[in-house]
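Participant: Quick one: sequence and predicted model below, then my questions.
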Amino acid sequence: MSWTLFGQIVLLIVVFAVVKAVVKCVHNCCCKNCKCE
């Protein structure tokens, strides 16, 4: 396996994890706002 390919895969996993965390956070904040808790 080449280093460039390995680097791209790692970068993709990191980006996906960050996006997933941000979406989860935004979703939680929106749910709190809608419920007005």
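Facilitator: Structure received. Numbers count the residues shown, from 1 in each chain.

Participant: Only C-alpha atoms from now on, for both contacts and neighbour counts.
Facilitator: Fine.

Participant: number of nearby residues for V18?
Facilitator: As a burial measure, V18 scores 12 neighbours (other Cα atoms under 10 Å).

Participant: for A21, same thing?
Facilitator: If you count neighbours by other Cα under 10 Å, A21 ends up with 12.

Participant: Sticking with it, tell me its helix or strand.
Facilitator: helix 3-35 (DSSP states H and E).

Participant: What distance do you get for V10 to C30?
Facilitator: V10 is 30 Å from C30, where distance means Cα to Cα, to the nearest Å.

Participant: Same check on F6?
Facilitator: Counting by Cα to Cα, the gap from F6 to C30 is 36 Å.

Participant: now K20
Facilitator: Counting by Cα to Cα, the gap from K20 to C30 is 15 Å.

Participant: and what of W3?
Facilitator: According to Cα to Cα, W3 and C30 sit 40 Å apart.

Participant: Comparing these two, which residue is more hemmed in?
Facilitator: C30 (12 against 8).

Participant: ok, V23 - how many residues close by?
Facilitator: Neighbour tally, V23, other Cα under 10 Å: 12.

Participant: Neighbours of V19, how many?
Facilitator: Based on other Cα under 10 Å, the number of other residues close to V19 is 12.

Participant: I should have written K20 there, sorry.
Facilitator: Neighbours of K20 under the rule other Cα under 10 Å: 12.

Participant: What of A17?
Facilitator: Neighbour count for A17, taken as other Cα under 10 Å: 12.
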